[in-house]
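**Q** Fold the following and give me the result.
(one chain, ligands or ions: 1)
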Amino acid sequence: MDKALYAVVGNPISHSKSPRIHGLFAKQTGEDLEYIAIQAPIDDFSDVVRDFFERGGLGLNVTVPFKEEAWKLADRRTGRAGKAGAANTLYLDKDRQLTADNTDGAGLVADLVDNHGVSLSGARILVLGAGGAVRGVLGPLLQQKPASLTIANRTVAKAQGLVLLFAEDAGQAAVDACGFATPDTPFDVIINGTSASLQGDLPPLAPAVVGPGTVVYDMMYSLDATPFNQWALEQGAERVFDGLGMLVEQAAESFRVWRGLSPDTAPVIEELRTT
Ligand code: ATR
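**A** Just a heads-up that it's a prediction; the model follows:
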């Protein structure tokens, strides 16, 4: 094999923006690498991974529906992948052991804090959802030392499970779980990590959770304002962001893990936004 080979694995995969993002990173940093998309059969993810690394591939991104399987398959896990229960990045470490990392939370924090100047330290944060996407970002969010972190979910028991799982990561933050209708005072930051909008639904929040200074982040992205962000603007949110920046930032963090280089994300986000 000539060039260093990387890939994203998912099913379906044709919509993935990762080859384009990593292609832009490679061009920008002058790294000689190839990044392809691989559609793995639903029941054969592990063979695809083994084959990729046996053929000399250097790193994989993993997307829906294989993130949990990637985490289980790995021989080793990084600290931040441990509790995430899911991996979006795989590579062989110096002992050639299959290692799972999760860069989603770092991507979310980088987009909020570095790109948008949102301070999470001391913030009152409301996180919506308690599925894989939320589990993957809770550790990095708590590392920012918020004043409080409330996890609201349709199935409250799942939110309570996450509170228990991350109890020792909470530090001074007050972490609690509830249903969507319970919170009734403004938060500094609201992060939507549910997949409700895929079904055209909105989590039934009280309008009072949005105050004039509230920043809203939808982990989904779309060309227009997402339905959740549209709702938040109607309630008077100060600023709303979608997850395109998170997508590029999690890719940049994977690139750093694999190549030891930090790409400049701003022009890549701009290019994806406009074309
Ligand atoms: P993901 O990997 O995207 O997190 P997931 O693990 O299936 O996918 O989790 C989906 C999340 O979106 C869950 O929090 C789910 O709520 P439940 O735990 O109650 O199932 C939430 N969700 C999905 N559809 C929803 C809807 N129509 N309204 C509100 N929440 C919804």
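**Q** Could you use CA atoms for every contact and neighbour count after this?
**A** Noted.
**Q** Local confidence estimate at the residue most central in space within the chain?
**A** The centre of the chain sits closest to D104, judged by CA atoms, centre = their mean, with a distance of 3.0 Å. Confidence at D104, expressed as pLDDT, is 98.
**Q** Could you look up the SS state of the closest residue to it other than its chain neighbours?
**A** Take D104 and drop its neighbours on the chain: the residue closest to it by CA to CA, 6 or more residues apart in numbering is Q250, 5.1 Å away. Assigned with DSSP: H, G, I helix; E, B strand; the rest coil, Q250 falls in the helix class.
**Q** Surely Q250 touches V109?
**A** No: taking contacts as CA atoms under 8 Å, Q250 lies outside contact range of V109: 9.6 Å.
**Q** ok, S119 - contacts?
**A** Contacts for S119 (CA atoms under 8 Å, 6 or more residues apart in numbering) come out as L112, V113.
**Q** Buried residues of the one helix or strand R20 maps to, list them for me.
**A** If you go by DSSP states H and E, R20 is part of helix 18-29. With burial defined by 16 or more other CA atoms under 10 Å, the residues of helix 18-29 counted as buried are S18, P19, I21, H22, G23, L24, F25, A26.
**Q** how far does whatever helix or strand A100 lives in sit from the chain's center?
**A** Counting by DSSP H and E, the element that carries A100 is strand 98-101. Here strand 98-101 is found 16 Å from its chain centre; the criterion is CA atoms, centre = their mean, to the nearest Å.
**Q** cool, and stretch 139-156?
**A** 14 Å.
**Q** Go through it and flag the buried ones.
**A** Buried residues in stretch 139-156, counted by 16+ other CA under 10 Å: 139-142, 144-154, 156.
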